[in-house]
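Novice: Fold the following and give me the result.
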Amino acid sequence: MVYNYIVENYKNGEPIFFSELPGNSKDYLRQEMKQLVDDGRLERLYNGVYYLSYLTILGTKGRVSMERYIEKRYLNAGGYVTGLQLANKYGFTTQNPSCYEVCSNEATTKQRKQNVDGNTIIVYKPVTEITEKNMSSLQFLDLMSVIDKYSEVSGTELVAKLKKYVKAAKVNFSLVKELLPLYPDKVYRNIYEGGLMGELV
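Specialist: Below is the predicted model:
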């Protein structure tokens, strides 16, 4: 029974992608899923993506976890968080992002906006294919292309934060050097102003 499998393998709020489910007959599985949605045991996020129906501690209807959705849909396929969310995560800004921004190999166009369960996700196409090896370097270069726009810290505080980030993210500077030409000139200037030129030499 597909429902038992789901209950055993998925937590509340975790997105269930139709393609992940076992079963030889996709048609039969589709009917089963539709039945579970009709019975109120599953919620359908959109075609092919579901999650378990559950109630929160406040007694309201539980929702899908956007973080898990983004992780499974975009990050696992080779991707990373970028933009304001990245700047916020590492303490360069206290601004809370109004949307999720990700860079993913899944992207087919330069930039695509998606609305999922009332949340906006902007998916960017990477400048080159994201691999395990170059991911942190690309993410670092993305950050350096927006740091002047988002950072609320400057001077020595900015330099210290950047160095901390570089260490935490294990940024490989020989790769950064290779990838730098794919980014606008201001990235080079931002690296210089961020006190990281020494790393590039």
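Novice: quick check: domain ranges of the chain?
Specialist: 2-52, 79-200 (automatic domain parsing).
Novice: who's in contact with the nearest residue to Met66 once chain neighbours are set aside?
Specialist: Excluding its sequence neighbours, the residue lying closest to Met66 (CB to CB, 6 or more residues apart in numbering) is Asn119, at 5.2 Å. C-beta coordinates here come from the backbone N, C-alpha and C atoms, glycine included. When contacts are counted by CB atoms under 8 Å, 6 or more residues apart in numbering, Asn119 touches Met66, Cys99, Tyr100.
Novice: ok, back up a step: hey, which of the domains of the chain is tucked in deepest?
Specialist: domain 79-200 (a mean of 16; mean count of other CB atoms under 10 Å).
Novice: Report the distance from that domain to the chain centre.
Specialist: Mean-position distance between domain 79-200 and its chain equals 12 Å (CA atoms, centre = their mean, to the nearest Å).
Novice: Could you tell me the end-to-end distance of that domain?
Specialist: End-to-end distance for domain 79-200: 24 Å, by CA to CA, to the nearest Å.
Novice: Need the domains of the chain in CSV (columns: distance to Glu71 and mean pLDDT).
Specialist: What follows is these, written out as CSV (distance: least, CB to CB, whole Å; pLDDT from 0 to 100):
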stretch, distance to Glu71, mean pLDDT
domain 2-52, 9, 95
domain 79-200, 9, 94
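Novice: So which of those is nearest Gly62?
Specialist: Closest to Gly62 of these is domain 2-52 (CB to CB; 5.7 Å).
Novice: What lies in contact with the lengthiest helix in the chain?
Specialist: Ranked by number of residues, the top helix in the chain under DSSP state H is helix 135-150. Outside helix 135-150, the residues that touch it by CB under 8 Å, 6+ apart are 78, 80-84, 86-87, 90, 92-93, 95, 103, 126-128, 130, 158, 162, 165-166, 169-173, 175-176, 179-180, 182-184, 186-187, 190-191, 193-194.
Novice: Now do the helices in the protein.
Specialist: Taking DSSP H as the criterion, the chain carries its helices at 2-9, 26-38, 66-70, 83-89, 135-150, 155-168, 173-179, 185-193, 197-200.
Novice: Compare these and give me the one nearest Pro15.
Specialist: The nearest among the helices of the chain, by CB to CB, is helix 66-70 at 4.5 Å.
Novice: Pull out the buried positions in that closest one.
Specialist: Met66, Tyr69, Ile70 (16 or more other CB atoms under 10 Å).
Novice: Tabulate those (JSON lines), appending distance to Ser154.
Specialist: Converted to JSON lines, those look like this (distance: CB to CB, whole Å):
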{"residue": "Met66", "distance to Ser154": "31"}
{"residue": "Tyr69", "distance to Ser154": "35"}
{"residue": "Ile70", "distance to Ser154": "30"}
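Novice: Return the closest of the residues you listed with respect to Ser53.
Specialist: Nearest to Ser53 among the buried residues of helix 66-70, with distances taken as CB to CB, is Tyr69, at 16.3 Å.
Novice: I'd assumed Gln114 was in contact with that closest one.
Specialist: No - assessed by CB atoms under 8 Å, Tyr69 is found out of contact with Gln114, at 10.4 Å.
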